[in-house]
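**Q** Just a sequence and a predicted model for now, questions to come.
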Amino acid sequence: MPPQLRPYQVDLINDLYRKLNEGHKRVAIIAGTGAGKTVISGQICAHAERAGKRLMFLVHLDVLVGQTYEKMESFGLHCGFIKAGWEENRDAPIQIASIQTMSKRQWWKQWPADVVFYDEGHITLFSQVGKKVLKTFPNAVHLVMTATPKRLGKEQLGDVMDTLVASPVPSDLQQRGFLAPMKYYSMPPDGVANLKEVKTVRGDYDEVGLKNACDRPELIEKIVREWQRLCPGKRTIAFCVDIEHARHVADAFRAAGITADTVEGGTAIKDRKRMYSDLRDEKILVLTSCNVISIGFDEPSVEVGLMLRPTQSSALHLQQIGRVMRISPQTGKQYGLILDQAGNLERLGFPEDIKDYHLPVQAQKDSEGGNPPPTKPCPQCGRIVLSFIAKCPDCGHQWITERPLNLEDMVEIYSADQAHQINDIPTLMELFHSHRRRAYMRGNAPTWAERSFWEHCGRWPKDAWCLGSILGPRPTPTQMLEYFEYLQKSAKRIGKRQDWIVQEFEKECGPGSFQRMANLRQAI
């Protein structure tokens, strides 16, 4: 029997056919990781074959050829291949085509394609072969499947495609039970690796620079300890900078008595399947890789993702998180968990915070300025400055290249969607305290912290939550004087009177504290 489609997958396909009936011939199909792209694409191919259409299915990785064929087989479809090592059958109504092999074989240009389907379309469509295919079949229907419509490159999907259809966003699929709920843990962004010297090449961090910043024994040992503290015994995949980094991470886990292996680009398909099976069966607990399990890896039982490679690519970031968002009732998986040692969550956000899908275009990307430039806090005065600055303009603090790493414990962080659902008062107070401390360190008024907390958590904080949030339970006289000066500056900037300063001071330091501080100032 062919796979049974979920209701939203049926809706998406019906939306696609409505677009085609309206006359659109270039349609993007956006389905986030875990939404079932292979099932959706298989059903579309089955409908095309049944209607007597000839369809060319483009993939960009060898491993995706086999995965695609398995899905086509489950729908009972007849396939030929444009791929070295696979049987060529030019009469088959569906051709599974590797863009690498297509660049060496030219017969496909005469093949009468009615429909062209671009798997991982943010890559295949913009490859040299993908662009040739688009021009070769101007009258065909072109369907681009992707989980992540925004690309690092200059050209964007909206520059090429007419319109889009989309699955529900990840938070909706979580609420319906089709994706696992998530937990996120992160290191402070400035305490992970020094990316100041890492150049950007073609929109993302240079791999050589990343290796120097990330493939360091103290960082690797730290992630092993955090894994043992936060999620021991859970099936885990690790996203690393390069293959040597991946091997070092696996070695460190093995040295700690934890079964681990590494999958590489040159690993044979049968060996990959064995490793994935070993992970599912818990013969190994940690599988490390570089750019191998970000795409095409489908093992729902995996519970933990280790983000060890900083990136500026939202597509790569969301694909990696998606590897652990799949549900697996058979193995008792309750949630997915991300340990982010790369600062990617702070840099690129959470899948739960995606509110809708759209087709980005180059003009939009230029006006948005791309991703925001990386920043860091001055450890001496707290000012937020651009990451490449070597001297703080406020206090003169100097950063040095080989600065000590912040190896404190990871802390749990929340997407806005998750924060809106928190009802536990201690957790809400902890989150509000982090907003208060951030406002104080940046020199923003306390009202900024309240507004920021409301935007993040969907509710206003209570005055009682402020006590000790910045200075702790027993502030020193010096701390109290500094806090008073901070409130004076804030009041002047936002137009508040003296009674506001008194009220805000006693929220932080307790009833009667303002008079004690005033007496202290007089004594000085």
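**A** Here it is on my side, so go on.
**Q** how about the nearest residue to M429, chain neighbours excluded?
**A** W465 (4.8 Å; C-beta to C-beta, 6 or more residues apart in numbering). Backbone N, C-alpha and C define where each C-beta goes, glycine included.
**Q** Can you give me the pLDDT of the one you found?
**A** Looking at W465, its pLDDT reads 93.
**Q** Pull the number of nearby residues for it.
**A** 18 (other C-beta atoms under 10 Å).
**Q** cool, and L179?
**A** Quick note: L179 (other C-beta under 10 Å) scores 24 neighbours.
**Q** contacting residues for it?
**A** 34-35, 170, 173, 325-327 (C-beta atoms under 8 Å, 6 or more residues apart in numbering).
**Q** Pairing-wise in the sheet, spell out the partners of it.
**A** R326 (DSSP bridges).
**Q** re the thing from before, what's the closest of the contacts of L179 to I13?
**A** A35 (12.4 Å; C-beta to C-beta).
**Q** pLDDT score assigned to the closest one?
**A** pLDDT, A35: 89.
**Q** got a list of what it touches?
**A** Going by C-beta under 8 Å, 6+ apart, A35 touches 8-9, 147, 167-168, 173, 178-179.
**Q** So for the residues you listed, which is the shakiest by pLDDT?
**A** A147 (85).
**Q** Surely it touches L318?
**A** Yes - using C-beta atoms under 8 Å, A147 is in contact with L318, at 6.7 Å.
**Q** Turn the contacts of A35 into TSV, columns for distance to K104.
**A** Below are these laid out as TSV (distance: C-beta to C-beta, whole Å):
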residue	distance to K104
Y8	39
Q9	35
A147	29
S167	35
P168	40
L173	39
F178	40
L179	39
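**Q** mind listing which of those are in helices?
**A** Among the contacts of A35, the ones falling in helices (DSSP state H) are 8-9, 173.
**Q** Of these, which is the most crowded?
**A** Busiest of these [other C-beta under 10 Å] is L173, holding 23 neighbours.
**Q** Run a quick neighbour tally on the spatially closest residue to D62 that is not a sequence neighbour.
**A** Distances taken as C-beta to C-beta, 6+ apart place S98 nearest to D62, at 6.9 Å, with adjacent residues excluded. Using other C-beta under 10 Å, S98 is surrounded by 24 other residues.
**Q** Check the gap between S98 and G130 for me.
**A** 12 Å (C-beta to C-beta, to the nearest Å).
**Q** G458 too?
**A** Distance from G458 to G130, by C-beta to C-beta: 42 Å.
**Q** ditto for D206
**A** Distance from D206 to G130, by C-beta to C-beta: 25 Å.
**Q** Of these two, give the one with the bigger neighbour count.
**A** Neighbour totals were compared for D206 and G130, and G130 leads with 21 against 14 (other C-beta under 10 Å).
**Q** residues contacting the more buried one?
**A** 58, 99, 118, 124.
**Q** Verify the stated contact: D356 with V169.
**A** Yes - look at D356 against V169 with C-beta under 8 Å: they come within range, at 6.7 Å.
**Q** These two - which one has more neighbours?
**A** More crowded of D356 and V169, by other C-beta under 10 Å: V169, with 19 against 8.
**Q** what residues are up against the residue lying closest to the more buried one once chain neighbours are set aside?
**A** Of all residues not flanking V169 in the chain, I354 sits nearest, at 4.7 Å (C-beta to C-beta, 6+ apart). I354 is in contact with 32, 169-171, counting by C-beta under 8 Å, 6+ apart.
**Q** with these in mind, which one is nearest to H142?
**A** Nearest to H142 among those, with distances taken as C-beta to C-beta, is G32, at 21.2 Å.
**Q** The closest one contacts R326, correct?
**A** No - using C-beta under 8 Å, G32 makes no contact with R326, being 11.2 Å away.
**Q** who has more neighbours, these two?
**A** Just comparing G32 and R326: by other C-beta under 10 Å the higher neighbour count belongs to G32, 26 against 19.
**Q** Tell me the pLDDT of that one.
**A** 84.
**Q** which secondary structure element contains it?
**A** Assignment of secondary structure by DSSP states H and E places G32 within no helix or strand.
**Q** So for stretch 68-85, could I get the coordinates as CSV, restricted to C-alpha?
**A** C-alpha atoms of stretch 68-85 as CSV (Å, rounded to 0.1, in the frame of the first residue of the first chain):
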residue,chain,number,x,y,z
THR,A,68,13.9,9.0,-3.7
TYR,A,69,13.6,5.7,-5.5
GLU,A,70,12.5,3.9,-2.3
LYS,A,71,9.6,6.5,-2.0
MET,A,72,8.7,6.2,-5.7
GLU,A,73,8.6,2.4,-5.3
SER,A,74,6.3,2.7,-2.3
PHE,A,75,3.8,4.5,-4.7
GLY,A,76,4.4,1.8,-7.4
LEU,A,77,6.0,4.2,-9.9
HIS,A,78,8.2,3.5,-12.9
CYS,A,79,11.6,5.2,-12.8
GLY,A,80,14.7,5.6,-14.9
PHE,A,81,17.9,7.2,-13.7
ILE,A,82,20.3,9.8,-14.8
LYS,A,83,22.9,8.7,-12.3
ALA,A,84,26.1,6.8,-12.6
GLY,A,85,25.7,3.2,-11.3
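**Q** Output the below-cut-off pLDDT ranges for the protein.
**A** Along the chain, the model assigns pLDDT under 70 to residues 188-191, 294-296, 363-396, 398-413, 524.
**Q** Using the record's assignment, carve it into domains.
**A** Using automatic domain parsing, the domains assigned to the chain come out as 7-167, 175-359, 422-523.
**Q** coming back round to it: select, from the contacts of G130, the two members most distant in space.
**A** Farthest pair in these, by C-beta to C-beta: I99 and Y118, 9.4 Å.
**Q** okay, the two: which has more neighbours?
**A** Y118 (28 against 21).
**Q** need the helices for the stretch 351-500 of the chain, in chain order.
**A** With DSSP state H, counting those that start in this stretch as the criterion, the stretch 351-500 of the chain has helices at 362-368, 416-419, 425-442, 446-457, 477-494, 498-509.
**Q** and of those, who's closest to V65?
**A** helix 362-368 (31.3 Å).
**Q** Show me where the stretch 1-150 of the chain has its helices.
**A** Using DSSP H, counting those that start in this stretch, helices in the stretch 1-150 of the chain cover 7-21, 37-50, 62-74, 99-102, 121-124, 128-136.
**Q** Tell me which of those is the most buried.
**A** Across the helices of the stretch 1-150 of the chain, averaging neighbours per residue (mean count of other C-beta atoms under 10 Å) puts helix 121-124 on top, at a mean of 24.
**Q** Identify the residues contacting it?
**A** 28, 58-60, 99, 118, 130, 144-146, 148-151, 157, 315.
**Q** tally of neighbours for Q106?
**A** Residues near Q106, counting by other C-beta under 10 Å: 8.
**Q** Now the phi/psi pair for it, please.
**A** phi -110, psi -10 (degrees, to the nearest 10).
**Q** for it, what are its contacts?
**A** Contacts of Q106 by C-beta under 8 Å, 6+ apart: none found.
**Q** joint contacts of I99 and Y118?
**A** In contact with both I99 and Y118: 58, 124, 130, using C-beta under 8 Å, 6+ apart.
**Q** Specify which member of these is nearest to M187.
**A** Set against M187, the nearest of the shared contacts of I99 and Y118 by C-beta to C-beta is T124 (34.7 Å).
**Q** how near is that closest one to G158?
**A** 17 Å.
**Q** for R247, same thing?
**A** 40 Å.
**Q** dump the residue contacts of I30.
**A** 146-147, 149, 164-167, 357.
**Q** go on, S98?
**A** 59-60, 62, 65, 82-84.
**Q** and it, bridged to which residues?
**A** With DSSP bridges as the rule, S98 is bridged to V59.
**Q** The stretch 101-250 of the chain: strands as residue ranges?
**A** Counting by DSSP state E, counting those that start in this stretch, the stretch 101-250 of the chain has strands at residues 115-118, 141-146, 163-166, 182-186, 200-201, 204-205, 236-239.
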